[in-house]
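Peer 1: test case, fold it:
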Amino acid sequence: MKTSRRSFIQKSAVLLAGTALLSKAAFAAVKSGEIVGLQLYSVRDDMKKDPIGTLTQLAKIGYKHVEHANYIDRKFYGFSAKEFKKVLDDLDLKMPCGHTVMGKNHWDADKKDFTDAWKYTVEDAAYMGQKYVISPWMDESMRKTYDDMARYLDVFNLSGDLCQKSGMKFGYHNHWAEFTEKLNGMKLFDIMMQKLDVNKVIMQLDIGNMYIGGAKALDVIGQYPGKFELIHVKDEIAVDTKEKFESAILGKGIIPVKEVLDICRKTGGTKVFIIEQESYQGKEPLACMKEDFDVMKSWGY
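Peer 2: Now for the predicted structure:
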């Protein structure tokens with residue numbers, strides 16, 4: 001997640017029209033209550049080397065919200081919840097959501113209760129001021145059969161109950177298997193949408209991952225209107241690799257991102273738009289994050 005520069009003459013010829021269009025978009029009103037943020041996996045190497053410096057650069061770009069992707073042993077990027085909250089507060093950054101995989105080790109089937117590790121995950125998320133605790137993966141062992149998956153979706157709903165006690169919602173973030181794999185003749189994604197309690201468990205729709213899985217966001221949002229409180233804003237380009245696609249700067253790829261965002265805003269029920277770019281086509285990640293931020297702003301987000 002490359003377009004050559006136009007010549008000076010071409011730029012000059014469209015300058016007036018382009019300026020008018022940009023001005024109109026730039027002053028488009030961001031709807032009240034909407035959040036635009038960045039998934040920090042987009043700058044994972046920078047966060048590993050210098051988390052405070054990286055967050056400082058993101059704040060300078062203009063980001064106000066981030067979504068974490070690193071919570072290990074009760075630490076966010078190596079910081080305790082208290083320490084990391086101070087880092088964010090000092091930079092005027094908020095973290096409304098975060099990714100932590102909820103696995104089989106987080107549920108004690110004998111006790112019919114969550115393990116301390118997951119309870120701590122929810123506790124620390126609440127301390128950080130999160131509104132959503134999101135699991136970005138479902139292990140294959142949890143989806144071998146329809147009954148296996150149904151059983152773990154019941155646990156997802158129970159996680160929704162646990163999060164709700166702290167004023168949060170539990171969520172799941174799709175990759176592509178949810179659209180390529182089937183159980184009992186149903187796509188995994190459709191099973192999830194059928195069995196999850198949407199009042200407590202949300203689906204964070206990744207519009208790039210689902211494209212890789214052969215699904216189109218416009219179709220899915222039309223199928224499930226009002227069901228996508230959060231989305232991952234992502235574009236994809238075709239590449240000559242095993243994966244066939246990789247993420248790119250917004251508006252540079254195959255996905256009609258602006259159209260998807262507008263539909264999300266109108267009928268998708270979307271309030272939180274999280275940018276994610278995992279590949280950079282030779283550019284520096286932070287430079288890409290600046291371009292993505294500027295594109296979203298020009299689109300009125």
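Peer 1: doesn't residue 40 make contact with residue 289?
Peer 2: No: if you go by C-beta atoms under 8 Å, residue 289 and residue 40 don't touch, sitting 10.0 Å apart. C-beta: built from backbone N, CA, C; applies to glycine.
Peer 1: mind listing what residue 277 touches?
Peer 2: The contact partners of residue 277, by C-beta atoms under 8 Å, 6 or more residues apart in numbering, come to 1, 42, 234-235, 247-250, 285, 288-289, 292.
Peer 1: next one: residue 76
Peer 2: Counting by C-beta under 8 Å, 6+ apart, residue 76 has contacts 68, 70, 84, 98, 124, 128.
Peer 1: tell me the buried residues in the host helix or strand of the fifth one?
Peer 2: Taking DSSP states H and E as the criterion, the element that holds residue 124 is helix 116-127. Within helix 116-127, the residues that count as buried by 16 or more other C-beta atoms under 10 Å are 118, 121-122, 124-126.
Peer 1: how about residues contacting it?
Peer 2: Taking C-beta under 8 Å, 6+ apart as the rule, helix 116-127 contacts 71, 74, 76, 81-82, 85, 98, 100, 102, 105-107, 133, 159, 162-163, 166-168.
Peer 1: and the spatially closest residue to residue 217 that is not a sequence neighbour, how far from residue 239?
Peer 2: Ranked by C-beta to C-beta, 6 or more residues apart in numbering and with sequence neighbours excluded, the top spatial neighbour of residue 217 is residue 207, at 4.1 Å. Separation of residue 207 from residue 239 (C-beta to C-beta, to the nearest Å) stands at 18 Å.
Peer 1: what's the answer for residue 173, then?
Peer 2: As judged by C-beta to C-beta, residue 173 and residue 239 stand 22 Å apart.
Peer 1: between the contacts of residue 76, which is nearest residue 266?
Peer 2: Nearest to residue 266, judged by C-beta to C-beta, of the contacts of residue 76 is residue 98 at 27.3 Å.
Peer 1: low-confidence ranges in the chain?
Peer 2: 1-30 (pLDDT under 70).
Peer 1: what about the helices in it?
Peer 2: Along the chain, counting by DSSP state H, helices occupy 8-26, 44-49, 51-61, 81-90, 116-127, 146-164, 177-180, 188-195, 209-212, 217-223, 257-263, 285-298.
Peer 1: highest average neighbour count across the ones you listed?
Peer 2: Greatest average neighbour count among those goes to helix 209-212 (a mean of 22), per mean count of other C-beta atoms under 10 Å.
Peer 1: can you give me the offset of that one from its chain's centre?
Peer 2: 13 Å (C-alpha atoms, centre = their mean, to the nearest Å).
Peer 1: again with stretch 150-166
Peer 2: 20 Å.
Peer 1: same deal with stretch 286-301?
Peer 2: Worked out by C-alpha atoms, centre = their mean, stretch 286-301 lies 15 Å from the chain centre.
Peer 1: what does stretch 34-41 give?
Peer 2: Using C-alpha atoms, centre = their mean, the offset of stretch 34-41 from its chain centre is 7 Å.
Peer 1: how about stretch 102-115?
Peer 2: Per C-alpha atoms, centre = their mean, the centroid offset for stretch 102-115 relative to its chain is 25 Å.
Peer 1: likewise for stretch 40-58?
Peer 2: On C-alpha atoms, centre = their mean, the centre of stretch 40-58 falls 17 Å from that of its chain.
Peer 1: tell me how far the residue nearest to residue 217 lies from residue 230.
Peer 2: 11 Å.
Peer 1: what's the answer for residue 37, then?
Peer 2: In terms of C-beta to C-beta, residue 37 sits 10 Å off from residue 230.
Peer 1: the closest residue to residue 160 other than its chain neighbours: neighbouring residues, count only.
Peer 2: The spatially closest residue to residue 160, leaving aside those adjacent along the chain, is residue 200, at 2.9 Å (C-beta to C-beta, 6+ apart). Counted with other C-beta atoms under 10 Å, residues neighbouring residue 200 total 19.
Peer 1: I figured residue 200 hits residue 164, correct?
Peer 2: Yes: at 5.5 Å, residue 200 counts as touching residue 164 under the criterion of C-beta under 8 Å.
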